[in-house]
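In: Sequence first, then the predicted structure, then my questions.
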Amino acid sequence: MVSGTDDETRAAPARTPWRATVLTLYPEMFPGPVGVSLAGDALSRGLWSLETRNIRDHGLGRHRAVDDTPFGGGPGMVLRADVLAAAIDAATPAGDCRPRLLMSPRGRPLTQKRVRELAAGPGVIMVCGRFEGVDERVVEGRNLEEVSIGDYILSGGEMAALVILDACVRLIPGVMGAFTSAGEESFENGLLEYPHYTRPRSWEGRDVPEVLMSGDHGRIERWRRQQSLAITRERRPDLLAASGPA
């Protein structure tokens, strides 16, 4: 027995799943936190896919060497251009138009605008560096976009890749239960988000602001805007400066 109408049967085809490929020396770190909660549920439902590839599979010699000492001297080791390029080439067949991201503290800071752009595309290829960094020639030769998640140093790019995956996946249609709420979150409108309250109405002598109990939606929206402006001015004045007069 077939249920539904002819119109439902002829519904538009489902969106092609958003595809993430991660190149790393530690594939066992994935899916990690993006394998649970909303992202994990979406992964199991096929709304997005995750492929991990071990860079060491393309290493050289009996010990699968992937790094070497830097020319010119200096501390640490550097991921070889030939090894990393081979890993990237194997993961990106001809015609693969997904952006290639290199997790790097010297990259452009990740923004919600860039996250939205990535989430709206076909997916991403993410390269997780280790050691002192990667040979500059592979950055240029494979058109890698360097991305930073903050002004601090991690042991490798895997944690940054997980952050970017989580930020993108939650914006894929069908992942968030109340998708319209995403537009009111911090950074979506150039401001930090306003405060939230729920039951109980009074807690430890602190009451929910009266305006939120008024039922006057216009007044509530104005209050929330004022709160967002005040919090942003106090904590992130750089956001206001970047967006011009508030």
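Out: Structure received. Numbers count the residues shown, from 1 in each chain.

In: list the buried ones in the longest strand seen in the chain?
Out: Using DSSP state E, we find that the single longest strand of the chain is strand 100-109. Judged by neighbour count using 16 or more other Cβ atoms under 10 Å, the buried positions of strand 100-109 are 100, 101, 102, 103, 104, 105, 107. C-beta: built from backbone N, CA, C; applies to glycine.

In: for the protein, which spans come out with low pLDDT?
Out: By pLDDT under 70, the weakly predicted segments of the chain are 1-14, 178-186, 244-246.

In: repeat that for 50
Out: Scanning the chain for pLDDT under 50 picks out 1-13, 180.

In: Give me the most central residue, it.
Out: Nearest to the geometric centre of the chain sits residue 164, at 1.9 Å (Cα atoms, centre = their mean).

In: Mind checking what secondary structure that one has?
Out: Under the three-state scheme (DSSP: H, G, I helix; E, B strand; the rest coil), residue 164 adopts helix.

In: Contacts only, for it.
Out: Residues near residue 164 by Cβ atoms under 8 Å, 6 or more residues apart in numbering: 101, 103, 110, 115, 118, 124, 126, 147, 149.

In: Turn these into a markdown table, columns for distance to residue 239.
Out: A markdown table is the format used below for the contacts of residue 164 (distance: Cβ to Cβ, whole Å):
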| residue | distance to residue 239 |
| --- | --- |
| 101 | 24 |
| 103 | 24 |
| 110 | 15 |
| 115 | 16 |
| 118 | 21 |
| 124 | 25 |
| 126 | 26 |
| 147 | 19 |
| 149 | 17 |
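
In: Look up the closest residue to residue 242, ignoring the ones flanking it.
Out: Closest residue in space to residue 242, ignoring its immediate chain neighbours: residue 190 at 7.4 Å, by Cβ to Cβ, 6 or more residues apart in numbering.

In: dump the residue contacts of that neighbour.
Out: Contact analysis of residue 190 by Cβ under 8 Å, 6+ apart lists 239, 240, 242, 243.

In: what does residue 103 give?
Out: Applying Cβ under 8 Å, 6+ apart to residue 103 gives the contacts 126-129, 147-149, 156-158, 160-161, 164.

In: any idea how far the nearest residue to residue 57 once chain neighbours are set aside lies from residue 146?
Out: Distances taken as Cβ to Cβ, 6+ apart place residue 87 nearest to residue 57, at 7.1 Å, with adjacent residues excluded. Remark: distance between residue 87 and residue 146 (Cβ to Cβ, to the nearest Å) = 17 Å.

In: now residue 92
Out: 17 Å.

In: Look up phi and psi at the residue nearest to residue 242.
Out: Taking degrees, to the nearest 10, you get phi 80, psi 0 for the backbone angles of residue 190.

In: Would you pull up how far the longest strand of the chain lies from the middle of the chain?
Out: Taking Cα atoms, centre = their mean, to the nearest Å, one finds the center of strand 100-109 at 12 Å from the center of the full chain.

In: Identify all contacting residues around stretch 73-82.
Out: For stretch 73-82, contacts defined as Cβ under 8 Å, 6+ apart pick out 55, 60, 65-70, 129-135, 137-138, 141.

In: Just the ones of these in helices?
Out: Secondary structure from DSSP state H places 137, 138, 141 of those in helices.

In: Residue 216: which of those is nearest?
Out: Residue 216 has its nearest neighbour among the ones in helices among the contacts of stretch 73-82 in residue 138, at 58.2 Å by Cβ to Cβ.

In: How about the contacts made by that closest one?
Out: Going by Cβ under 8 Å, 6+ apart, residue 138 touches 79, 81, 84, 85, 88, 144.

In: a markdown table for those residues, including distance to residue 202, secondary structure and neighbour count?
Out: Output for those, formatted as a markdown table (distance: Cβ to Cβ, whole Å; DSSP: H, G, I helix; E, B strand; the rest coil; neighbours: other Cβ atoms under 10 Å):
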| residue | distance to residue 202 | secondary structure | neighbour count |
| --- | --- | --- | --- |
| 79 | 57 | strand | 22 |
| 81 | 63 | helix | 18 |
| 84 | 58 | helix | 27 |
| 85 | 62 | helix | 17 |
| 88 | 57 | helix | 23 |
| 144 | 54 | coil | 23 |
